[in-house]
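In: Below is the structure, and that's it, no one-letter string:
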């Protein structure tokens with residue numbers, strides 16, 4: 001296996017990681033990323049394999065789990081019960097409980113809310129808005145808060161906790177970030193515990209009430225709290241970046257949002273670039289013998305640009321129809337909220353470009369140093 005170097009915090013990489021992915025794919029399906037200290041799956045075939053193969057999972061085998069520092073225990077208490085971090089049978093139990101309530105009918109019912117919210121936000125634009133705080137951020141957090149049943153007035157609080165928690169997944173995180181994430185985790189858990197108690201006394205027509213009804217005898221309090229935090233965090237963090245990245249792409253290429261072109265933005269410039277898997281046993285893949293406990297980092301954004309699977313992958317093609325990308329993952333951990341994210345993207349982007357037909361960039365957008373996420377720091381436009 002060949003290795004290569006690239007600091008994930010290097011400014012050039014932060015702004016354009018795709019040239020590194022191209023170099024990595026040229027070295028093989030698997031490479032060792034020195035600075036990230038991980039074996040990485042670079043190709044479409046390899047990423048597809050590790051996301052789907054049952055010899056690989058999200059849980060680190062117990063004998064390889066390192067002691068958890070006490071100061072970050074509040075964060076790990078949530079992670080311990082998060083379906084994103086679990087394998088069957090616990091993953092199956094949690095996911096099925098949510099699927100019983102997170103139905104396509106419930107998601108489709110949000111369509112008028114998304115359209116009204118998008119129009120109301122546009123009505124408040126000045127002549128040169130920063131679309132990140134003015135449009136891309138409030139839509140996902142407001143909709144997921146309404147869906148869960150959290151008061152809409154609490155959205156800024158939920159957003160703050162979420163931002164602090166997701167720094168734990170970033171290559172640039174510091175000890176101070178870890179302390180802040182732990183504190184936010186404790187506060188978020190306490191908030192959700194109180195909200196659960198309230199809904200048990202006075203159920204409403206929201207997802208939390210439905211989960212409490214469906215899962216009363218199946219999910220523990222910590223499991224339900226972790227599930228709600230996951231839905232709230234995952235339900236807006238990636239969608240915010242997807243909205244902003246898509247808008248940037250449409251403005252830079254002079255194209256308009258359609259269902260097909262929006263799907264292409266997800267392939268071309270996704271918000272999540274890396275997802276880890278752990279070997280459950282000794283197993284061979286792509287000519288390499290892995291040992292139980294080994295970790296592979298699946299480079300989702302690299303696989304999305306693999307010429308073995310996509311024609312001219314480095315170009316944005318708004319009419320691309322063969323587009324089985326990995327931006328929502330694959331396998332049993334395929335993003336539960338993908339239908340909602342797609343609905344939000346389709347309604348919000350079409351509304352934005354219809355209402356603001358003369359919109360243009362007024363400064364070159366830059367990406368934040370938050371790998372393995374890939375999102376903009378600002379999106380200033382003239383309308």
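Out: On my side now, so go ahead. Just so it is clear, the model here is predicted, and its values are computed rather than measured.

In: Could you report the neighbour count for the closest residue to residue 177 other than its chain neighbours?
Out: Counting by C-beta to C-beta, 6 or more residues apart in numbering, residue 167 is the residue found nearest to residue 177 once chain neighbours are left out, at 4.3 Å. Heads up, the C-betas are built off the backbone N, CA and C, glycines and all. For residue 167, the neighbour count with other C-beta atoms under 10 Å is 18.

In: Got the phi and psi for residue 167?
Out: Note on residue 167: backbone dihedrals following degrees, to the nearest 10 are phi -60, psi -20.

In: all helices in the stretch 1-150 of the chain, in order from the N-terminus.
Out: 11-15, 18-26, 44-52, 73-79, 90-99, 104-108, 111-123, 131, 138-148 (DSSP state H, counting those that start in this stretch).

In: Between helix 18-26 and the third one, find me the angle.
Out: Same thing as helix 44-52. If you take axes from the mean of the first three to the mean of the last three C-alpha atoms, to 10 degrees, helix 44-52 sits at 90 degrees to helix 18-26.

In: mean confidence for helix 44-52?
Out: Mean pLDDT, taken over the full extent of helix 44-52, equals 98.

In: Identify the residues contacting the nearest residue to residue 337 once chain neighbours are set aside.
Out: Leaving aside its chain neighbours, residue 337 sits nearest to residue 235 (5.3 Å; criterion: C-beta to C-beta, 6+ apart). Listed by C-beta atoms under 8 Å, 6 or more residues apart in numbering, the contact partners of residue 235 are 140, 143, 144, 147, 148, 337, 340.

In: Pick the most buried one from the helices of the stretch 1-150 of the chain.
Out: Each of these was scored by mean neighbour count; the highest is helix 131, a mean of 27, by mean count of other C-beta atoms under 10 Å.

In: Flag the shaky bits of the stretch 151-300 of the chain, pLDDT-wise.
Out: Scanning the stretch 151-300 of the chain for pLDDT under 70 picks out the ranges 214-217.

In: can you give me the helices in it?
Out: Using DSSP H, counting those that start in this stretch, the helices found in the stretch 151-300 of the chain span residues 155-166, 175-201, 207-214, 221-234, 237-253, 259-268, 300-303.

In: Need the distance between the two termini of stretch 10-19.
Out: Using C-alpha to C-alpha, to the nearest Å, one end of stretch 10-19 lies 13 Å from the other.

In: what about it, average pLDDT?
Out: Computed over stretch 10-19, the average pLDDT equals 97.

In: Next: stretch 73-80.
Out: Per-residue pLDDT values across stretch 73-80 average out to 94.

In: got it, and stretch 357-370?
Out: 96.

In: ok, residue 248 - contacts?
Out: Counting by C-beta under 8 Å, 6+ apart, residue 248 touches 269, 361, 365, 376, 379.

In: Secondary structure and distance to residue 184 for these - can I get that in TSV?
Out: TSV is the format used below for those (DSSP: H, G, I helix; E, B strand; the rest coil; distance: C-beta to C-beta, whole Å):
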residue	secondary structure	distance to residue 184
269	coil	28
361	strand	33
365	coil	27
376	strand	23
379	coil	25
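
In: Please pick the buried ones from these.
Out: Among the contacts of residue 248, the ones that count as buried by 16 or more other C-beta atoms under 10 Å are 269, 365, 376, 379.
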